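> Kindly generate the corresponding structure for this input.
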Amino acid sequence: MPYFDAASSAPLHPVARQALLAALDEGWADPARLYREGRRARLLLDAARETAAEAVGCRPDELVFTPSGTRALHDGIAGALAGRRRTGRHLVVSAVEHSAVLHAADAHEAAGGTVARVAVDRAGRVAPGTFAAALRDAPGPVALACLQSANHEVGTVQPVAEVAEECREAGVPLLVDAAQSLAWGPVDAPWSLLTGSAHKWGGPAGVGLLAVRKGVRFAAFGPADERESGRAPGFENLPAIVAAAASLRAVRQEAAADAERLRALVDRIRARVPELVPDVEIVGDPERRLPHLVTFSCLYVDGEAVLHELDRAGFSVSSGSSCTSSTLTPSHVLRAMGVLSEGNIRVSLPLGTADQDVERFLAVLPGVVAGVRERLGAPAAAPAAGGAGPMEAPEAAADEFVVDSLGKRCPIPVIELAKVIDDVPVGGVVVVLSDDDAARLDIPAWCAMRGHDYLGETAAERGTAYRVRRV
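Numbers count the residues shown, from 1 in each chain. Here you go, the predicted model:
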């Protein structure tokens, strides 16, 4: 049964399993004690720290282990902000950071700090110079900047080296969330702080890492603790730490050999899905991306239904669609990118994925999407916009046709819009009333895919009115 959600959590690597079992026998004692069992545990902890530090590209005394990657991010941000409190209270982050970073930013704002959220393009990438502008235009001295090495939802690799140089020139430390990229190699940039999460690379869950370069002002958040340099309180989960370090080294060796093969499989998915499934948008940067991850969105599809049908067919994938969320709001990453969110599917291949599994996925997907569309009453596929270009709409005001989709969730508002658009004369305007947050992304994205004019949105008595002119 193919597992295609390695970006959420990679399968436990065999080396991690072996190291975990061995450390359960040898590393159960307190590594802070001086007796024999404690010394043995301390040797295991020190060896794991050296292994992890070598993979990260830092000194062993710059790295500590945390209970999770989320905790590493929260403690790293809080510690850096506290260490530079006298310098300033302004924080700069990208709009597509992991939710742990954005939640930490919200907490900092609630406590009286200020935050700048740097926008990204439709590929999910920050443009060169945007961080420099955010640092330059800040309302006060900047304490910290945060940028992920690669996006966890769409795989886009960020220009960390360029941003790190901009931060260095401004005298601002940069925290890099490297959770998605550490399996593929170290972050080749002059970062100040870096975080990772073991379950992303095939280690056990419950182990994160936080690296803080020497010279970076850092004040541990919360009550002082003597363990992990005071930066990660509590008794170390030594067996899991040993397994995490051992698996990172093993995965890194395998990734060097498997990266190109996985990239070729992802290229195949990127090329063939739009050929096999009508009305699909591939999202994320086509070139500067992680080798194992591809994300696409399908018009007129309930994302949760697609995930369930793929699961029944034996494929485990994930989604950023609001249809699969209890909050019924689209992914903050897709929202920041301004791309289609409905029917969103993320495929992230683990090391060792077989070619035949990818081929079987490509064979199953068209029928799954077609079946879901049929159940939802979606319109037949239309040709993509292009060719001679859209016709020019008449200047005279056109009648407006209202589609009431209040109370209906994605993808129904877009389906109802698509059903009526052909009955509207060229130049006519359709007003879609919707109280679904996903419509704010999906209606403009549908217009771009179908070649119609999106005229914007206005507040309605209930929900929002989205205006579309037929071209």
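> Any figure for the gap between Ala78 and Ala143?
The gap separating Ala78 from Ala143 is 11 Å, by C-beta to C-beta, to the nearest Å. Placement of C-beta: from N, CA and C, glycine included.
> who has more neighbours, these two?
Ala143 (26 against 19; other C-beta atoms under 10 Å).
> The more buried one and Ala80 touch, don't they?
Yes. With contacts counted by C-beta atoms under 8 Å, Ala143 reaches Ala80, the gap being 6.9 Å.
> show me where this protein has helices.
14-26, 36-56, 69-83, 99-110, 130-136, 160-170, 238-276, 303-312, 332-337, 355-376, 412-421, 439-450 (DSSP state H).
> So for the fifth one, what gets flagged as buried?
What it means is helix 130-136. Thr130, Phe131, Ala132, Ala134, Leu135 (16 or more other C-beta atoms under 10 Å).
> Off-centre distance for that helix?
22 Å (C-alpha atoms, centre = their mean, to the nearest Å).
> Also the first one?
Offset of helix 14-26 from its chain centre (C-alpha atoms, centre = their mean): 30 Å.
> Show me what counts as buried in it.
Val15, Ala16, Ala19, Leu20, Ala23.
> Quick one: list the elements packing against it.
Applying 3 or more C-beta pairs under 8 Å, 6 or more residues apart in numbering; DSSP states H and E, we find helix 14-26 packed against helix 36-56, helix 238-276.
> do that again at 6 Å, thanks
If contacts are counted by 3 or more C-beta pairs under 6 Å, 6 or more residues apart in numbering; DSSP states H and E, helix 14-26 sits against helix 238-276.
> The fifth one too?
Of the remaining helices and strands, those touching helix 130-136 by 3+ C-beta pairs under 6 Å, 6+ apart are strand 114-118, helix 160-170.
> Next, the distance between the ends of stretch 275-285.
19 Å (C-alpha to C-alpha, to the nearest Å).
> right, I mislabeled it, should have said stretch 193-212
Terminal-residue distance, stretch 193-212 (C-alpha to C-alpha): 5 Å.
> any idea how far it is from the chain center?
On C-alpha atoms, centre = their mean, the centre of stretch 193-212 falls 16 Å from that of its chain.
> Name the residues that touch it?
9-10, 13, 16, 52, 56, 58, 62-66, 68-69, 71-73, 76, 175-179, 182-183, 218, 240-241, 243-244, 247-248, 251 (C-beta atoms under 6 Å, 6 or more residues apart in numbering).
> Generate a ChimeraX selection restricted to the buried subset of the residues you listed.
Filtering the contacts of stretch 193-212 down to the buried ones (16+ other C-beta under 10 Å) takes a single ChimeraX command:
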select :9,10,13,16,52,56,58,62,63,64,65,66,68,69,71,72,73,76,175,176,177,178,179,182,183,218,240,241,243,244,247,248,251
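> Can you check the pLDDT for Ala382?
At Ala382, the pLDDT value in this model is 56.
> no, scratch that, I was asking about Arg360
97.
> for Gly407, same thing?
92.
> Roughly how far does it sit from Glu461?
For Gly407, the distance to Glu461 - C-beta to C-beta - is 14 Å.
> Just want to know which of these two has more residues nearby.
Legend: neighbour count by other C-beta under 10 Å for Gly407 and Glu461, higher for Gly407 (12 against 7).
> what's the closest non-adjacent residue to Ala19?
Among residues not flanking Ala19 along the chain, Ala246 sits closest, at 3.9 Å (C-beta to C-beta, 6 or more residues apart in numbering).
> Now for that neighbour, how many residues are close by?
For Ala246, using other C-beta under 10 Å, the count is 24.
> picking up where we left off before, any chance of the helices and strands packed on helix 130-136 in a markdown table, plus distance to Gly284 and mean neighbour count?
As requested, those are exported to a markdown table (distance: least, C-beta to C-beta, whole Å; neighbours: other C-beta atoms under 10 Å):
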| stretch | distance to Gly284 | mean neighbour count |
| --- | --- | --- |
| strand 114-118 | 18 | 18 |
| helix 160-170 | 17 | 19 |
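> Tabulate these (a markdown table), appending distance to Val294.
Below are the helices and strands packed on helix 130-136 laid out as a markdown table (distance: least, C-beta to C-beta, whole Å):
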| stretch | distance to Val294 |
| --- | --- |
| strand 114-118 | 25 |
| helix 160-170 | 21 |
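> Which one, of those, ends up nearest to Asp30?
Among the helices and strands packed on helix 130-136, the nearest to Asp30 by C-beta to C-beta is helix 160-170 (37.7 Å).
> Report the contact partners of the residue nearest in space to the middle of the chain.
Central residue of the chain (C-alpha atoms, centre = their mean): His152, 2.7 Å from the mean position. Counting by C-beta under 6 Å, 6+ apart, His152 touches Ala7, Gln180.
> And it, how far from Arg122?
18 Å.
> same deal with Ala380?
From Ala380 to Arg122 the distance is 27 Å (C-beta to C-beta).
> So for the two, which sits in the more crowded spot?
Between Ala380 and Arg122, counting by other C-beta under 10 Å, Arg122 is the more crowded of the two (15 against 9).
> how near is that one to Ala313?
On the measure of C-beta to C-beta, Arg122 and Ala313 end up 30 Å apart.
> Surely Ala243 is in contact with Gln18?
No. Between Ala243 and Gln18 there is no contact under C-beta atoms under 6 Å: 8.2 Å.
> Endpoints of stretch 19-37, how far apart?
18 Å.
> Rounded mean pLDDT for that stretch, please.
92.
> Please report how far Tyr3 lies from Leu12.
Taking C-beta to C-beta, one finds Tyr3 at 12 Å from Leu12.
> Kindly report the same for Ala250.
Note on Ala250: its distance to Leu12, by C-beta to C-beta, is 12 Å.
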